[in-house]
Every structure is written in C-alpha cells, then in structure tokens.
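J.: From the sequence below, what's the structure:
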Amino acid sequence: MNEIPPGNDAVAQAARRLLRAAADHVPCPPVRDLIGSDDVKAAYAVQALLTADRLEAGGRVIGRKIGLTSPAVQRQLGVDQPDFGVLFADMSVEDGGSVPVGDLLQPKVEAEIAFVLGADLADGPLDDAQIRAAVAHAVPALEIVDSRISGWDITFGDTVADNGSSALYVLGAPARPLAGFEPVEATMTLKRHGETVSSGDGAACLGDPLTALGWLARTARDVGDPLRAGQVVLSGALGPMVPAAAGDVFTADIGGLGSVSVRFHASSHEGASV
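T.: Residues are numbered from 1 along each chain as shown. Coordinates of the predicted model:
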C-alpha cells in the first residue's frame with residue numbers, strides 16, 4: 001500500500017481509511033462521517049486518490065464499471081443516478097477460473113453485460129446512435145463486488161469512494177456484435193451449484209444497458225477522462241447480487257449472449273482447478 005500524504009483533509013482521511021482496510025483485510029467503518037452520504041464531488045475525489053495510488057503502484061486502467069443502475073437500489077440509497085468505478089488489469093479473472101475467497105473481505109457476485117469498445121467516446125453528441133456504434137462487441141460477465149466498508153453499511157458516498165465497491169470481474173464468451181444481440185431484451189439466470197439464485201433482464205439495468213453506457217460516456221467526458229477504444233465497460237447488474245463463499249461455483253447464462261462462470265476456493269494455496 002502506498003501512503004496518501006498526511007493531513008487533516010477529510011477526503012485524504014477517507015482514502016487512507018479505505019486503503020488500510022484493503023491492506024489489512026479488515027473492513028472499516030463507513031467514510032460518510034468524513035465526506036457525507038451524498039457529496040458526489042467529495043466521493044469521487046476519494047476514488048481519484050485511490051486510483052492514483054493504484055497507478056503509482058503499477059496498476060493499469062482497462063475500463064470502468066457502472067453501479068447503482070437498479071431503480072430499487074437507487075431508492076434504497078436515496079440517490080437518483082448511477083455511479084462508476086475504475087477497472088484495473090489485475091482485476092480480471094479467467095472464465096471458469098477460481099478466486100481465493102480469503103483475498104477478499106465480503107464478496108458478492110452479480111451478472112452483467114460487458115461492452116468492449118471499438119471507438120473512443122470522447123467527441124460528438126454521444127447520443128444513442130454513437131454509443132451503439134462505438135461498441136465492438138458484448139460478452140456475458142460476472143462482477144465480483146466487495147466492500148471495504150464493514151457489513152456493506154454503505155451510502156452513495158461510501159460506495160463511490162470505495163471505487164464502486166469493486167473487486168474482480170470475469171468475461172465470458174462468445175463475443176457478439178450488437179448487430180446480432182439486443183441488450184435490453186436479454187434475460188439472465190445466475191446459478192450457484194446449479195440452483196438459480198438470481199435472475200433478471202436487460203431492462204433492470206437503467207432501462208437498457210446501452211442507456212447505462214451512454215450515461216457513463218457522457219459522465220466520463222465531463223470529468224475529463226473519456227472512454228477509449230479497447231476499454232471494457234461493465235454495464236450494471238441484471239439482477240440481485242449474491243454472497244459468495246469458499247466452494248461456491250457460479251454460472252450466469254445471458255439469453256442471446258452466452259455464459260460465464262467462476263469458482264471460489266478457500267485460500268491462495270488451494271488448487272485452482274474447477
């Protein structure tokens with residue numbers, strides 16, 4: 001863990017608290033006592049410090065994740081907008097791979113549609129037509145979310161500061177261009193050991209996963225860090241997230257797109273075969 005410079009600034013204090021929780025593998029109290037529950041600017045300022053820390057340690061940004069795309073979750077947290085976090089290269093897990101649950105704090109799994117961009121989304125109107133045209137292909141995905149906040153006791157400010165409560169992600173197959181796949185019409189079934197534990201559809205993601213991508217493209221440009229060709233975007237959960245434990249095997253099937261799976265094992269010393 002690199003060290004955020006010392007000081008009494010609330011944003012820096014929040015960043016240090018989250019960094020320490022991640023380094024020690026011990027969840028911390030919420031950071032809303034420092035930055036508030038709904039101060040968007042302060043929350044993203046914390047996230048930016050954590051991103052800078054990770055980049056300094058050699059991390060490489062490969063995309064973004066979108067969260068809070070469900071109206072029900074937005075109502076629960078008292079917000080009227082999604083949020084985003086940063087995806088780093090070392091967050092990627094191979095399809096069918098195994099994750100040491102001991103490396104995480106309190107992981108949960110959700111199924112999503114991931115978009116891989118074939119063009120920058122930096123200029124132009126960023127309207128529906130441009131957003132759709134910028135997508136090289138879509139793939140089924142699992143996001144392994146994990147909060148550094150104890151007991152997932154989060155508000156909008158807490159989860160944004162904590163990089164959208166992100167941890168890892170898995171991209172499945174096949175890669176399908178939008179010419180043969182309509183994200184809003186997709187249905188999703190997430191199974192654990194063959195038993196359905198979550199289900200949903202494309203409309204659960206801000207009405208349409210492409211609407212979520214458009215929101216992110218405009219927001220990213222507004223903050224001066226637009227989406228670029230080659231980046232991966234996790235567009236948001238298609239159904240409720242599910243807690244994960246050692247021994248769990250999750251498989252998500254997304255109608256019209258494909259499937260993706262991941263396994264959790266007890267420690268990094270256990271064999272990683274599925």
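
J.: The residue nearest to the spatial centre of the chain sits in which helix or strand?
T.: When C-alpha atoms, centre = their mean is applied to the chain, the residue found nearest the centroid is K65 (3.9 Å). According to DSSP states H and E, K65 maps onto strand 61-67.

J.: Which strands or helices does that strand pack on?
T.: Strand 61-67 sits against strand 83-88, helix 209-222, strand 232-237, with contacts defined as 3 or more C-beta pairs under 8 Å, 6 or more residues apart in numbering; DSSP states H and E. Where you see a C-beta, it was placed from the backbone N, CA and C, and this is true even at glycine.

J.: repeat that for 10 Å
T.: Strand 61-67 sits against helix 40-56, strand 83-88, strand 107-117, strand 135-146, helix 156-161, strand 168-171, helix 209-222, strand 232-237, with contacts defined as 3 or more C-beta pairs under 10 Å, 6 or more residues apart in numbering; DSSP states H and E.

J.: Name the residues that touch the helix or strand just after the second one?
T.: The C-terminal neighbour of strand 83-88 among helices and strands, as given by DSSP H and E, is strand 92-93. With C-beta atoms under 10 Å, 6 or more residues apart in numbering as the contact definition, strand 92-93 has outside contacts at 62-63, 99, 142, 144, 167-171, 232, 260, 262-263.

J.: Would you confirm that A136 contacts A229?
T.: Yes - judged on C-beta atoms under 10 Å, A136 makes contact with A229 at a distance of 7.9 Å.

J.: okay, and the common contacts of these two?
T.: By C-beta under 10 Å, 6+ apart, the residues touching both A136 and A229 are 116-119.

J.: Scan those and report the most crowded one.
T.: Comparing the shared contacts of A136 and A229 by number of neighbours (other C-beta atoms under 10 Å), L117 comes first, having 21 neighbours.

J.: okay, that residue: pLDDT?
T.: L117 carries a pLDDT value of 98.

J.: if I pick it, what's in contact with it?
T.: By C-beta under 10 Å, 6+ apart, the neighbours of L117 are 63, 131, 134-137, 213, 217, 227-233.

J.: Not counting the helix or strand of the chain with the lowest mean pLDDT itself, show me its contacts.
T.: The helix or strand with the lowest mean pLDDT-type score in the chain, counting by mean pLDDT, DSSP states H and E, is helix 71-77 (a mean of 74). With contact meaning C-beta under 10 Å, 6+ apart, helix 71-77 is reached by 37-38, 67-68, 70, 79-83, 154-159, 204, 206-207, 236-237, 240-241.

J.: Now do the buried residues in it.
T.: 73-74, 77 (16 or more other C-beta atoms under 10 Å).

J.: Make JSON lines from the residues you listed and add distance to V26 to it.
T.: Output for the buried residues of helix 71-77, formatted as JSON lines (distance: C-beta to C-beta, whole Å):
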{"residue": "V73", "distance to V26": "26"}
{"residue": "Q74", "distance to V26": "29"}
{"residue": "L77", "distance to V26": "24"}
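
J.: And the residues you listed, which is closest to P107?
T.: Closest approach to P107 among those (C-beta to C-beta): V73, at 17.7 Å.

J.: how near is that closest one to D95?
T.: 26 Å (C-beta to C-beta, to the nearest Å).

J.: Over to R64?
T.: 20 Å.

J.: Kindly report the same for T51.
T.: Following C-beta to C-beta, the distance that separates T51 from D95 is 26 Å.

J.: now swap in L210 and tell me
T.: Taken as C-beta to C-beta, the span from L210 to D95 is 23 Å.

J.: Could you do S267 as well?
T.: In terms of C-beta to C-beta, S267 sits 22 Å off from D95.
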